[in-house]
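Trainee: any chance you can model this:
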Amino acid sequence: MYRSRLDGKLDDVTLEFLSSISDDFVIAQYDILGSQAHTLMLLENKIINRKETIKILNALERIKKENISEKSEAEDIHELIESLVIKKAGKEAGGKMHTARSRNDQVALDIRMKIRDDINVVCFCLNQTIETLIDLAEKNQRVIMPLYTHTQQAQIGLFSHFLLAYADALFRDLDRFYVAYGRVNESPLGAGPVGGTSIPIDRQFTAKMLGFKGLVENSIDATTSRDFVAEYIGHAAILMTNLSRMAEDFIIWSTSEFSFIELADRFTSTSSVMPQKKNPDVLELIRGKTSQVIGYQMSVLSNLKGLPSGYNRDLQQIKVSIWPTSKIIISSLLVANSLLKTMKVNEKKLRKAIDGGYSISLDIAEALVRKGIPFRTAHKIVGNMVQIASNSKKPLSALSVNEVKTVISGNEIEPRELHKIIQSTTPESSLETRKSQGSAGKHEQQRMIADRKRKVQAYITGTNKRTSETREAIEVLNGKVLSLIKNKG
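Mentor: The predicted structure follows:
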């Protein structure tokens, strides 16, 4: 339909190579909505008449309800829908639908509407997952566990503190998507192919009809730029990286060697030959799909880096990275949330891991610092004690006064006083004395949980408001369309 200047049809091989139709069905409904808003704007500005408008809108409404995903000779969804409108409304009316726009601003519009909706869904899923992490943290405020650096026991902590760490990471993901929404929620429609149009259109009208907050004003920027796609997929890659890290922790901790947690059966699988296996397949797939999303991000950036201004057909290949990215991050959040809700925490195993290690060491050193001993001296004293205890295969609390005496080189502290400090320093006392903001201290857990509860509710309210605003705008658009079709408008 668009080959006015060119001779003949495309051969099958060339058409298949050029066509994006199989990737475009995802945005078909957005293309129809954009066409309806554009048609109403043409009527409003007396560019087409009422009779022509009704024929176009009626055709678009009929196409909404049809299965158009069959094999087509159209190069893309825009050509397919326009050809169907012309077929149903006639060329006199249907042929005017494309007045004052281009496929270039159409596709930019459709992608923005799709990503806009996907961001709201992602924010909703992130809110749910964060809420679950906060609820779990509240239930596990007294569950003591070892905290790790370099995969070695480092300090005494609480399971709630660990969960809140991932909640905070996901909060940053949520904020990235939440802020990006504003940059996505701008309409490129009316920019034309690249330089605008001489026909007196009203770009603000269509933007409002489709629920956008404003315009991508510059017509070159509107049709050329896909930085909002790169931003969206970049945020998705960071989100998946955070989920992958959490998945890795849970994979390790669900092993028989650790047994810190147990996954519900429905999130695991067994072996085809080894009946005892309980494999964390869901978590492994989150880890694997993360690589896929990172690949999509690299694909988009590589595509964009060398393009000149104006629309280039290379941009067609960006779409194939968007749709699966959305599917992966939404499904990963849904399954992660369900997994967290059903996960069992083995408090006894977590405590046993502490009792077999020396993660109380820093607390003893800090107790010496509070006695006026320089930290580096305290560090050496406790380090030597750990060496003695480790060689004897016993905990620090089992050291005798004489053994403690051997690590004191001067008059820093009396052996019996040091021995008393060791005996009185326990995981519980450690968590009671931990005062620094954001620490694993028990009082900090209570404060942080209450703070995160307020924070997630604010995001939930904002996400619901945005979703409602978009939905209401589309409902108004649909109402105007149906009203005109029924000749009541």
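
Trainee: please enumerate the strands of the stretch 201-350 of the chain.
Mentor: 214-215, 261-262, 344-345 (DSSP state E, counting those that start in this stretch).

Trainee: pLDDT (mean, whole number) over the first one?
Mentor: Confidence for strand 214-215, expressed as mean pLDDT, is 97.

Trainee: low pLDDT regions in this structure?
Mentor: 1-11, 14-19, 70-71, 488-489 (pLDDT under 70).

Trainee: try it again with 80
Mentor: 1-22, 69-73, 487-489 (pLDDT under 80).

Trainee: give the other helices and strands that the longest helix along it contacts.
Mentor: Counting residues, the longest helix found in the chain (DSSP state H) is helix 442-485. Packing partners of helix 442-485 (3 or more Cβ pairs under 8 Å, 6 or more residues apart in numbering; DSSP states H and E): helix 28-44, helix 50-64, helix 103-139, helix 159-184, helix 203-209. No exception for glycine: its C-beta is placed from N, CA and C like everyone else's.

Trainee: as TSV, the ones you listed with distance to residue 254 would be great.
Mentor: Converted to TSV, the helices and strands packed on helix 442-485 look like this (distance: least, Cβ to Cβ, whole Å):
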stretch	distance to residue 254
helix 28-44	41
helix 50-64	47
helix 103-139	15
helix 159-184	14
helix 203-209	50
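
Trainee: between these, which one is nearest to residue 371?
Mentor: Among these, helix 159-184 comes nearest to residue 371, with 27.0 Å by Cβ to Cβ.

Trainee: the closest one packs against which elements?
Mentor: helix 103-139, strand 144-149, helix 227-253, helix 442-485.

Trainee: show me this protein divided up by domain.
Mentor: By the assignment in automatic domain parsing, the chain contains the domains 12-99, 104-353+448-473, 361-425.

Trainee: in JSON lines, list those along with mean neighbour count and distance to residue 484.
Mentor: Shown next, in JSON lines, are the domains of the chain (neighbours: other Cβ atoms under 10 Å; distance: least, Cβ to Cβ, whole Å):
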{"stretch": "domain 12-99", "mean neighbour count": "18", "distance to residue 484": "6"}
{"stretch": "domain 104-353+448-473", "mean neighbour count": "18", "distance to residue 484": "13"}
{"stretch": "domain 361-425", "mean neighbour count": "15", "distance to residue 484": "73"}
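
Trainee: distance to residue 486 for the ones you listed - can I get that in TSV?
Mentor: As requested, the domains of the chain are exported to TSV (distance: least, Cβ to Cβ, whole Å):
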stretch	distance to residue 486
domain 12-99	9
domain 104-353+448-473	19
domain 361-425	75
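
Trainee: wait, which of the ones you listed is closest to residue 487?
Mentor: domain 12-99 (7.3 Å).

Trainee: need the distance between the two termini of that closest one.
Mentor: In domain 12-99, first residue to last residue: 29 Å (Cα to Cα, to the nearest Å).

Trainee: go on, stretch 201-217?
Mentor: From its first residue to its last, stretch 201-217 covers 14 Å (Cα to Cα).

Trainee: where along the stretch 251-400 of the chain do the helices fall?
Mentor: For the stretch 251-400 of the chain, helices defined by DSSP state H, counting those that start in this stretch occupy the ranges 281-304, 319-342, 347-355, 361-369, 375-391.

Trainee: any idea how far the fourth one is from the middle of the chain?
Mentor: It stands for helix 361-369. Distance of helix 361-369 from the chain centroid (Cα atoms, centre = their mean, to the nearest Å) equals 40 Å.

Trainee: could you check the angle it makes with helix 375-391?
Mentor: Angle, helix 361-369 to helix 375-391, by axes from the mean of the first three to the mean of the last three Cα atoms, to 10 degrees: 140 degrees.

Trainee: check the second one too.
Mentor: With the same axes, to 10 degrees as the criterion, the two stretches helix 319-342 and helix 375-391 enclose an angle of 70 degrees.

Trainee: and helix 319-342, what does it pack against?
Mentor: Using 3+ Cβ pairs under 8 Å, 6+ apart, helix 319-342 sits against helix 21-24, helix 103-139, helix 227-253, helix 281-304.

Trainee: okay, those helices in a markdown table with distance to residue 365 next?
Mentor: Formatted as a markdown table, those follow (distance: least, Cβ to Cβ, whole Å):
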| stretch | distance to residue 365 |
| --- | --- |
| helix 21-24 | 60 |
| helix 103-139 | 28 |
| helix 227-253 | 27 |
| helix 281-304 | 36 |
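
Trainee: tell me which of those helices lies nearest to residue 149.
Mentor: Among the helices and strands packed on helix 319-342, helix 227-253 sits nearest to residue 149 (Cβ to Cβ), with 13.4 Å.

Trainee: remind me what the closest one packs against, helices and strands.
Mentor: Here helix 227-253 touches helix 103-139, helix 159-184, helix 281-304, helix 319-342, going by 3+ Cβ pairs under 8 Å, 6+ apart.

Trainee: surely residue 44 meets residue 205?
Mentor: Yes. With contact defined as Cβ atoms under 8 Å, residue 44 counts as touching residue 205 (6.0 Å).

Trainee: so how far is residue 463 from residue 158?
Mentor: Counting by Cβ to Cβ, to the nearest Å, the gap from residue 158 to residue 463 is 29 Å.

Trainee: ok, residue 95 next?
Mentor: Going from residue 95 to residue 463 by Cβ to Cβ gives 41 Å.

Trainee: ditto for residue 261
Mentor: Distance, residue 261 to residue 463, by Cβ to Cβ: 29 Å.

Trainee: what helix or strand is residue 153 located in?
Mentor: Using DSSP states H and E, the element containing residue 153 is strand 152-158.

Trainee: dump the C-alpha coordinates for that strand into CSV.
Mentor: Presented in CSV, the C-alpha positions along strand 152-158 are these (Å, rounded to 0.1, in the frame of the first residue of the first chain):
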residue,chain,number,x,y,z
GLN,A,152,32.9,-15.8,55.1
GLN,A,153,31.1,-15.1,58.4
ALA,A,154,31.6,-11.4,59.2
GLN,A,155,29.1,-10.1,61.9
ILE,A,156,26.1,-11.1,63.8
GLY,A,157,22.9,-10.0,62.1
LEU,A,158,19.1,-10.5,61.9
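
Trainee: so what secondary structure elements neighbour it?
Mentor: Where contact means 3+ Cβ pairs under 8 Å, 6+ apart, strand 152-158 is packed against strand 144-149, helix 347-355, helix 361-369, helix 427-433.

Trainee: show me which residues of the last one are buried.
Mentor: Think helix 427-433. Buried residues in helix 427-433, counted by 16 or more other Cβ atoms under 10 Å: 427, 430-431.

Trainee: name the helices or strands packed onto it?
Mentor: Applying 3+ Cβ pairs under 8 Å, 6+ apart, one finds that helix 427-433 makes contact with strand 144-149, strand 152-158, helix 361-369.

Trainee: nice, that's everything, thank you.
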